[in-house]
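Peer 1: I would like to see how this sequence folds:
(chains A, B, C and D)
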2 protein chains.
Amino acid sequence: MAKRRVTSYDVATAAGVSQTTVSFVLNEVAEARISDETRLRVLAAAEELGYVPDAAAQTLGSGRTQIVGVVVTTLADPFIGALVQAIESAAHDQGYVIILASSNNTPQREIAAARMLQSRRVDGVIVASSRVDAVYQGQLQQLSVPLVLINSLVQHSVPYTFSIGVDNRHGGRLATNHLIQKGHRRIAYMASPADRVDDIDRMDGYRDALREAGVGFDPSLIVRGTGCAVGGQQALSVLLSLADPPSGVFCYNDMTAIGVIAAARGAGLSLPRDLAIVGFDDIVFARLAHPPLTTIAQPLAELGQSAVEMVQRLLSEDPDVDMSISHTAIPGRLIVRSSSG
Amino acid sequence: MAKRRVTSYDVATAAGVSQTTVSFVLNEVAEARISDETRLRVLAAAEELGYVPDAAAQTLGSGRTQIVGVVVTTLADPFIGALVQAIESAAHDQGYVIILASSNNTPQREIAAARMLQSRRVDGVIVASSRVDAVYQGQLQQLSVPLVLINSLVQHSVPYTFSIGVDNRHGGRLATNHLIQKGHRRIAYMASPADRVDDIDRMDGYRDALREAGVGFDPSLIVRGTGCAVGGQQALSVLLSLADPPSGVFCYNDMTAIGVIAAARGAGLSLPRDLAIVGFDDIVFARLAHPPLTTIAQPLAELGQSAVEMVQRLLSEDPDVDMSISHTAIPGRLIVRSSSG
DNA sequence: TTGTAGGCGTTATCAC
DNA sequence: GTGATAACGCCTACAA
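Peer 2: Residues are numbered from 1 along each chain as shown, chains lettered A, B, ... in the order given. Predicted coordinates for the structure are as follows:
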């Protein structure tokens, strides 16, 4: 067990060169024009000895960790799982490794996470799909490393903080438009628990679509869920008790929509005849719901990739990075399935 | 931006002590009996300066990283997401941080992951729910760090490799027994794609239950899915085309079962009257399926916690660790919902 | 109870 | 083209 690690010195000795040269070769330092012959000798020695560089030592020497911290509420949420998968994939392609921290939305864990990330000297932080209040954002910013928020609120534009997200307003319009084109006029919006920006944007898109179609906006058709299935179930009963209930409902997210589907069935409604339903996210189970759920698919791969790229761009001192562009919105795609008619 | 980091030296200076003392205080080294007065002074200085230790430097000095690598196939799988969440939570409680690597079951990514983990000098590796073939296992073992497999096959018992998993055979029995008690006699088992050990164990449990109930085993009632929904859909058609089709089916996992549910509905079956269905895992959507899916819940929290504890125990040179116990099985729980009658 | 000093394995800056 | 050599920030005998 106690076999000593192979160091770059061992490689140097084996190759008959200095440790410095080994470092140059392995890092492909352009300035040091190492001869092909030496290079090959070093590479062969490294290979033979099974040399693997020590990341901690590299960090201490270079100041870079090649780590990005990813903060989420909980991976138990299937959408977040898919998003993190996309981030991990993009990070890997760029030579980064991800450290995961789940906050469960508790201040205590958030503080621990911020401190941990600081201690680890991560090169950047990506916060995925969380509520990020002013306090927490401040904490994260004190890390003074690039901070990229995905689908989260940026309280105010500040240096080194960027946000990326699906175009919520556009998505809300797509969804609502679809219902309108299916002939619906009484269309409800089932919101998320608190006043999240993404929620507000989706509702704005909903209102845009109504307006463009000349459909009047009825505040009683806005109800609030909890962002998960039970919330949808409860909120549906509110809608059904209305004097003039809606024939279609656009839900903040798929989990909510799936709750609505379950509750609607429980209430004896026939779907989509009695109620057309559209969700948001396109989680795995949207397709498997009964009826399969029409929804707005989030561009996961693009979100992950852009987030990682953003971190890198912020990391480079490159002056042509336009620090004034603080938010990027990527359009989602309408996926029509049978829940909407 | 270029404000120099606060180091333990800065703290030492501010507190009027040596750097060593700072280290002793912050690490609560018992041997060095630091006076309360000094300790408080150091802590105050650290607090005031906002000192956060550099993990890389700590690693270089101590040889410990406090990192465990977690290797999964893909987080896009909701079950794996939930499992990783449990691992992260347990790891956090023990002062560990998680580095995530997804392999997508491609050899290329697996190799990259192994190398990355070695470079990062992780204190341990947890492989979650993956196929781990002999080659890959060998690679992971070369890291010569504690390796714990969750719900994965251990090819052969070797030092520093342990495996933890739900008790698949027991689960298979629970599930099948339940169907038997519901009055079913023609019970099918819908297996996973390849011959995974967990799959085999679940089927063994299925056969145990049949035998105990005096129900004959009919090989034609064993069909193979793909581990995901489409596989269940396809495999169901095989069962339905049988001369004497089953009245109940126990599926390798929930995703498969959900596929079966969808397909059964497509085929015009009334559930659970025409077909009783039981899954395995208890993923989020088991409860939301229509009808809600009876299943075997995996003890996620226990699995995660045990895995982390196992890593720690392997890490400690503690001689009373019984290295001969190479596998731990934790029983799952039968969750009865309406898909089974 | 506290301090001194060497070492951990790199990177990076100069010389040669 | 290649090699010394000084950081990097902490840990840990060993001294005092």
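Peer 1: Please make it C-alpha for all contacts and neighbour counts, starting now.
Peer 2: OK.
Peer 1: Distance of whichever residue of the stretch 201-341 of chain A sits closest to DNA strand C relative to A:Asp123?
Peer 2: With CA to the nearest atom of the strand, the shortest gap between the stretch 201-341 of chain A and DNA strand C falls at A:Ser316, namely 13.2 Å. Here the criterion is CA to CA, to the nearest Å. By it, A:Ser316 lies 11 Å from A:Asp123.
Peer 1: Neighbour count: these two, which is higher?
Peer 2: A:Asp123 (24 against 10; other CA atoms under 10 Å in any protein chain shown).
Peer 1: ok, that one - contacts?
Peer 2: When contacts are counted by CA atoms under 8 Å, 6 or more residues apart in numbering or on different chains, A:Asp123 touches A:64-69, A:145-146, A:311, A:315.
Peer 1: quick one: the helices in the stretch 201-341 of chain A?
Peer 2: A:229-240, A:254-266, A:300-315 (DSSP state H, counting those that start in this stretch).
Peer 1: State the mean pLDDT of the first one.
Peer 2: pLDDT averaged over helix A:229-240 equals 92, rounded to a whole number.
Peer 1: again, but for the second one
Peer 2: Averaged across helix A:254-266, the pLDDT comes to 92.
Peer 1: How about the lowest-mean-pLDDT helix or strand in chain A and chain B, any contact?
Peer 2: Lowest mean confidence among the helices and strands of chain A (mean pLDDT, DSSP states H and E): helix A:134-142, at a mean of 77. No. Using CA under 8 Å from any CA of the partner chain, we find that helix A:134-142 stays clear of chain B, coming within 10.6 Å at best.
Peer 1: Counting by contacts, list what that helix packs against.
Peer 2: Judged by 3 or more CA pairs under 8 Å, 6 or more residues apart in numbering or on different chains; DSSP states H and E, the packing partners of helix A:134-142 are helix A:107-119.
Peer 1: before we move on, back to that, quick check: buried residues in the least confident helix or strand of chain A?
Peer 2: Residues A:137, A:140-141 are the ones in helix A:134-142 that count as buried (16 or more other CA atoms under 10 Å in any protein chain shown).
Peer 1: Just the terminal-to-terminal distance for stretch A:272-290.
Peer 2: End-to-end for stretch A:272-290, by CA to CA: 10 Å.
Peer 1: what's it in contact with?
Peer 2: With contact meaning CA under 8 Å, 6+ apart, stretch A:272-290 is reached by A:78-79, A:175, A:179, A:246-258, A:261, A:269, A:291-298, A:335, A:337-341, B:258-259, B:262, B:285, B:289-290.
Peer 1: Over to stretch A:204-211?
Peer 2: By CA under 8 Å, 6+ apart, the residues outside stretch A:204-211 that reach it are A:168-177, A:189, A:216-217.
Peer 1: Run a quick neighbour tally on the residue nearest to A:Val249 when sequence neighbours are not counted.
Peer 2: In space, and not counting its chain neighbours, A:Val249 is closest to A:Ala188: 4.5 Å by CA to CA, 6 or more residues apart in numbering or on different chains. Neighbour count of A:Ala188, defined by other CA under 10 Å: 25.
Peer 1: correct me, but A:Ala188 touches A:Tyr252?
Peer 2: No. Applying CA atoms under 8 Å, one finds A:Ala188 not in contact with A:Tyr252, separated by 10.8 Å.
Peer 1: overlap in contacts of the two?
Peer 2: With CA under 8 Å, 6+ apart, A:Ala188 and A:Tyr252 have no common neighbours.
Peer 1: roughly how far apart are A:Met116 and B:Ile258?
Peer 2: Taking CA to CA as the measure, A:Met116 falls 39 Å from B:Ile258.
Peer 1: same check, this time on A:Tyr136
Peer 2: Going from A:Tyr136 to B:Ile258 by CA to CA gives 39 Å.
Peer 1: And for A:Asp36?
Peer 2: For A:Asp36, the distance to B:Ile258 equals 58 Å [CA to CA].
Peer 1: Please say which of the two ends up with more neighbours.
Peer 2: Using other CA under 10 Å as the criterion, A:Asp36 and B:Ile258 rank with B:Ile258 on top: 30 against 10.
Peer 1: The more buried one: what's it in contact with?
Peer 2: B:Ile258 touches A:288, B:229, B:232, B:286, B:289, B:293, counting by CA under 8 Å, 6+ apart.
Peer 1: give me the number of residues near the nearest residue to the second one once chain neighbours are set aside?
Peer 2: Excluding its sequence neighbours, the residue lying closest to B:Ala229 (CA to CA, 6+ apart) is B:Gly259, at 3.9 Å. Burial measure for B:Gly259: 23 neighbouring residues, criterion other CA under 10 Å.
Peer 1: Thought B:Thr226 was touching B:Gly259, still the case?
Peer 2: No. Using CA under 8 Å, B:Gly259 is not in contact with B:Thr226, being 10.3 Å away.
Peer 1: what's the overlap in contacts for those two?
Peer 2: Counting by CA under 8 Å, 6+ apart, the residues touching both B:Gly259 and B:Thr226 are B:Gly232.
Peer 1: Just list the residues touching A:Val125, thanks.
Peer 2: A:Val125 neighbours (CA under 8 Å, 6+ apart): A:68-71, A:145-148, A:311.
Peer 1: And A:Arg333, by the same measure?
Peer 2: A:171, A:296-299.
Peer 1: rewinding a little: determine the set of other helices and strands touching the host helix or strand of the residue nearest to A:Val249.
Peer 2: Using DSSP states H and E, A:Ala188 sits within strand A:187-191. If contacts are counted by 3+ CA pairs under 8 Å, 6+ apart, strand A:187-191 sits against helix A:197-212, strand A:222-224, helix A:229-240, strand A:248-251.
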